[in-house]
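1. build the 3D model from these lines:
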Amino acid sequence: MFYKDAQNIYRVGPLEAFEWLVHGFGTRWSDTFGKCRNLATLHQIHSSAVVDAAGRSGCLGEGDALVTNTPGMLVAVKTADCIPILIVDGRTHSVAAVHAGWRGTVKNIAAQAIAEMEKKFGSRMQDLHAAIGPGIGKCCYEVGPEVAAQFHQDDYSLRNCTHTAHLDLAASNRRQLEACGLTADRIYVAGLCTKCNGEFHSYRRDKEQAGRMFSVAGIR
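-> Predicted coordinates for the structure are as follows:
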């Protein structure tokens, strides 16, 4: 379902059906998106804030999700273990790029992005597709009890957690998308762990030396 192209960018097979769509999840070897002048980004703060790019490019302030329906524009998030999510509306030709670390996941950032698409562009759940890109996997994402307890709705055993635990952020975001009304067959999960796989930047692995990868969606 996910495949890597000649530019070392991961694409999502089912999204290729939309000829108007530009999309991709970058790796440490891809820098194409970062050079685009029509690219909108944010100063990411692990929040539930969603920003409408509204035809603007550059850094548009603070937040953790961008939406747009403007032709010729791209929206992007930057990650190095957090979960990037691209949401695509096949009917209204609108998109969202979402940055979901553990704090953003707890704050249901993906659902906030969908709500903004519904409000601004008239999106409907039955027209949406969501791609959950490469991020740190459960295999490598060990957290302390204070963080683990935040995910008790996913795993009741974590409600009064007093020990470290391994979180599956991709699975948590998938469940949140399904709770919004997206059907399982329209949610695509990369299943690629950024810490395990050296083709990705990983803050957990490389600390301050880690770079960032662009995950991008836009309209031609």
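2. how far off centre is stretch 155-175?
-> 19 Å (CA atoms, centre = their mean, to the nearest Å).
3. avg pLDDT for it?
-> Averaging pLDDT along stretch 155-175 gives 88.
4. stretch 55-70 now?
-> Here the average pLDDT along stretch 55-70 is 98.
5. and that stretch, which residues are buried?
-> By neighbour count on 16 or more other CB atoms under 10 Å, the buried set for stretch 55-70 is Ser57, Leu60, Gly63, Asp64, Ala65, Leu66, Val67, Thr68, Asn69, Thr70. Any C-beta I mention is one placed from the backbone N, CA and C, and that applies to glycine too.
6. switch these over to a markdown table; also include secondary structure.
-> Shown next, in a markdown table, are the buried residues of stretch 55-70 (DSSP: H, G, I helix; E, B strand; the rest coil):
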| residue | secondary structure |
| --- | --- |
| Ser57 | coil |
| Leu60 | strand |
| Gly63 | coil |
| Asp64 | coil |
| Ala65 | strand |
| Leu66 | strand |
| Val67 | strand |
| Thr68 | strand |
| Asn69 | coil |
| Thr70 | coil |
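7. show me which of the residues you listed is closest to Glu142.
-> When the buried residues of stretch 55-70 are ranked by distance to Glu142 (CB to CB), Asp64 comes first, at 23.0 Å.
8. excluding its backbone neighbours, what's nearest the residue sitting furthest away from the middle of the chain?
-> Computed with CA atoms, centre = their mean, the maximum C-alpha offset from the centroid of the chain is found at Thr162, amounting to 29.4 Å. Closest residue in space to Thr162, ignoring its immediate chain neighbours: Pro145 at 5.3 Å, by CB to CB, 6 or more residues apart in numbering.
9. do Thr79 as well
-> Met213 (5.7 Å).
10. again, but for His163
-> His163 sits nearest to Pro145 (CB to CB, 6+ apart), 5.8 Å away.
11. and the one you found, what are its phi and psi?
-> Dihedral pair for Pro145: phi -60, psi -30, per degrees, to the nearest 10.
12. need the contact list for it.
-> Cys161, Thr162, His163, Thr164, Ala165 (CB atoms under 8 Å, 6 or more residues apart in numbering).
13. equivalent analysis for Phe200, please.
-> Thr27, Arg28, Ala80, Pro134, Leu192, Thr194, Met213.
14. pLDDT score assigned to the second one?
-> For Arg28, the model assigns a pLDDT of 96.
15. the closest residue in space to it that isn't next to it in sequence: which element?
-> In this structure, Arg28 finds its nearest non-sequential neighbour in His201, 5.2 Å apart by CB to CB, 6+ apart. For His201, there is no host helix or strand (DSSP states H and E).
16. all further residue positions should be reported with the first residue as 43.
-> Fine by me, first position is 43 from now on; the one you just mentioned is His243.
17. from Met255, how far off is His243?
-> Distance of His243 to Met255, given as CB to CB, to the nearest Å: 5 Å.
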